[in-house]
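>>> build me a model from this:
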Amino acid sequence: MKHPNVSTLEGGLNALIRMKGGVQEIVKEMPIIVPCQYIGGDINETDWQIVDRDEILQIAENKLLKTYLLDVRDADEWYGLSSSPYGIDFTPRKGRIPNSIWIEWYKFYELDSDTNIITSKSNKQVQALMEEKDISKEDDIIIYCFKGSRAAVALMKLKQAGYKNVKIYFASWNEWSRNFQLPIDDKQLLRITK
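Residues are numbered from 1 along each chain as shown. Take a look at the predicted model:
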């Protein structure tokens, strides 16, 4: 791993402010930025994690077995009621990529009632979530959302939970829905609430 000292802050700035011994005051002064040269390797290690629409098309057409296409968009997008988080008709089509399985990205998190901060579910909870969809740690999983952000969060959570064969369709629904040559499942689904 090229950058082993990278992490995410659960709960964002609000969590940092509320932490015991955490930052209690926000600094408003501009930091001094010291120019430096980025030294990276010649090989882009993320290339193997990103797939393009041609590979997604193989899944949509049932040509890749034991590969799961995981849609992590919000409920209104999955149910075909909205085309994106940016507006109901932000893209020309609503629906899902055929043969997708849906787990809303929020399901990877929970609200800590003691701190009122959103935190990641445990690895066991994430594994249980995937088992509900009959997806095992050995399966190939490709995640998509609207433009890759929520999919990247889900990819990180799955990797932490021990899923090794996880990739991301970074262009996601934003690309797929705009290409009328690509198939979609545009049935508006009934929304069932518990």
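>>> what ranges do the helices span in this protein?
12-18, 53-60, 75-78, 123-132, 149-160, 172-176 (DSSP state H).
>>> who wins for proximity to Tyr38 among these?
Taking CB to CB, helix 149-160 is the member of the helices of the chain nearest to Tyr38, at 20.6 Å. Where C-beta positions appear, they are placed from N, C-alpha and C, glycine not excepted.
>>> coming back round to it: just the helices of the chain: most buried one?
helix 172-176 (a mean of 22; mean count of other CB atoms under 10 Å).
>>> quick one: list the elements packing against that helix.
Contacts defined by 3 or more CB pairs under 8 Å, 6 or more residues apart in numbering; DSSP states H and E place helix 172-176 against helix 53-60, strand 140-144.
>>> average pLDDT across it?
Mean per-residue pLDDT for helix 172-176: 97.
>>> what does it rub up against?
53, 56, 73, 77, 83-84, 91, 97, 144-148, 151, 169, 182, 184 (CB atoms under 8 Å, 6 or more residues apart in numbering).
>>> now do 7 Å
53, 73, 91, 97, 144-148, 151, 182 (CB atoms under 7 Å, 6 or more residues apart in numbering).
>>> can you pick the most crowded of those?
Tyr144 (29 neighbours; other CB atoms under 10 Å).
>>> bridging residues for it?
Asp71 (DSSP bridges).
>>> need the contact list for it.
Tyr144 neighbours (CB under 7 Å, 6+ apart): 69, 71, 97, 151, 169, 172-173.
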